[in-house]
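Peer 1: Provide a 3D model corresponding to the input given below.
(chains A and B)
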Amino acid sequence: MAAVNIILIIFFPNIGFNAVKLSWKNLLEMLAVLPPIFILLGLLDVWVKRETMVKYMGQGSGVVGVLLAYLIGSAAAGPLYAAFPVAAVLLKKGSKLSNVFIMIGAWSTTKIPQILFEASALGTKFMLIRLALDLAGIAIIAVFTQISLNNEEKEDIYNKALSME
Amino acid sequence: MTIALYALAFAALVLSFIKSKENTILSLKKAWKSFENILPQFLTILLVIGIMLSVLTPQQISMLIGSQSGWTGVFIAAVIGSVTLIPGFIAFPLAAALLNSGAGYMQIGAFVSTLMMVGIVTMPVEIKYFGKKAAVIRNSLALAFSFAVAFVMGVAM
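Peer 2: Below is the predicted model:
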């Protein structure tokens, strides 16, 4: 991609430099949000025992696990791709796959700071309608994704998470 | 919210340090490891977004998804939302500007929803963590869901 950008700068200087400027602005924005996420992730990894995670977010964690998943995702900041390392730690500690998918869904679209921003830009009504749909949609997507995977594929996801060390 | 997260991370770090110095250092090492793991993809994604946003301008987008554009416009909005990854501080003002310049709520619903839930650019990262099948299914379902959002927005707004 860096090469593409250099070519752009040579042939279309306007677009090329603009792209660099935007990437830079994005990079700064990203570096501002990411440190606390990764620090919390590291602490979670070291301090939270596997049994604890299994109890609250694992098989049989029920409603508590689902609510925790929504909560973790919605309290997050930063882009969706920052959610994947967090997902890996949750999986590694024995969280249920569907709960991890709910966390990913909530992270992608019901983040609290983002919702507030959405209301101010597009109106409260727009935001509330989308939020109501999203809360249901996230659960539906999580359940369907989980159902469509066979045991081997599920195991593979857990193994991937374990190898992310 | 970012400040709250910083406060939380700092408090947790202090607490952790009081309980065990070794574990705290281990935590920080793991934090850095996770970050390092995803860093190359982060940087690539940032460059892709930068290039996309400078090639595809708001004026062009608003030409494609005006309120008269109907389901074709919804479809185009969904495609643009899926392939681009625009951070919130640009996306919402952009969506508001698109509404003002003639885009419909249906199209904006599809655009905003796919923008957040469907990530073609981030797919390689998602595959690295969840495998191809799960990543493709999640994104396809999110795309289908976004059309439902567009439909509801068209009726309700």
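Peer 1: Residue A:146 and chain B, how far apart?
Peer 2: Counting by C-beta to the nearest C-beta, to the nearest Å, the gap from residue A:146 to chain B is 9 Å. For glycine as for every other residue, the C-beta is placed from the backbone atoms N, C-alpha and C.
Peer 1: So which elements touch the helix or strand hosting that residue?
Peer 2: Using DSSP states H and E, residue A:146 maps to helix A:124-148. If you count contacts as 3 or more C-beta pairs under 8 Å, 6 or more residues apart in numbering or on different chains; DSSP states H and E, helix A:124-148 packs onto helix A:62-74, helix A:97-109, helix A:112-122, helix B:105-117, helix B:123-156.
Peer 1: relative orientation of the longest one and helix A:97-109 in degrees?
Peer 2: Here the directions of helix B:123-156 and helix A:97-109 differ by 70 degrees (axes from the mean of the first three to the mean of the last three C-alpha atoms, to 10 degrees).
Peer 1: most tightly surrounded among the helices and strands packed on helix A:124-148?
Peer 2: Burial of the helices and strands packed on helix A:124-148 is given as mean neighbour count (mean count of other C-beta atoms under 10 Å in any protein chain shown); helix B:105-117 ranks first at a mean of 28.
Peer 1: Tell me which of the helices and strands packed on helix A:124-148 sits nearest to residue B:14.
Peer 2: Closest approach to residue B:14 among those (C-beta to C-beta): helix A:62-74, 21.5 Å.
Peer 1: The closest one: how far from the chain's middle?
Peer 2: Mean-position distance between helix A:62-74 and its chain equals 13 Å (C-alpha atoms, centre = their mean, to the nearest Å).
Peer 1: Contacts made by it with the rest, please.
Peer 2: With contact meaning C-beta atoms under 8 Å, 6 or more residues apart in numbering or on different chains, helix A:62-74 is reached by A:56-58, A:61, A:83, A:86, A:90, A:95-96, A:99-100, A:102-108, A:110-112, A:135, A:138-139.
Peer 1: Measure how buried residue A:75 is and give me the count.
Peer 2: By other C-beta atoms under 10 Å in any protein chain shown, 17 other residues sit near residue A:75.
Peer 1: hmm, back to that, continuing past the helix holding residue A:146, what's the next helix or strand?
Peer 2: Counting by DSSP H and E, what follows helix A:124-148 is helix A:151-162.
Peer 1: so where's chain A uncertain?
Peer 2: Low-confidence segments of chain A (pLDDT under 70): A:165.
Peer 1: Where do the domain boundaries of it fall?
Peer 2: Domains of chain A are assigned by automatic domain parsing as A:1-33, A:48-162.
Peer 1: State the pLDDT value of the residue nearest in space to the middle of chain B.
Peer 2: Taking C-alpha atoms, centre = their mean, the centroid of chain B lies closest to residue B:116, which sits 3.8 Å from it. Residue B:116 is assigned 92 on the pLDDT scale.
Peer 1: so which helix or strand takes in residue 5?
Peer 2: Because you didn't say which chain, this covers chain A. Element membership of residue A:5, judged by DSSP H and E, is helix A:2-11.
Peer 1: not what I meant, chain B
Peer 2: helix B:2-19.
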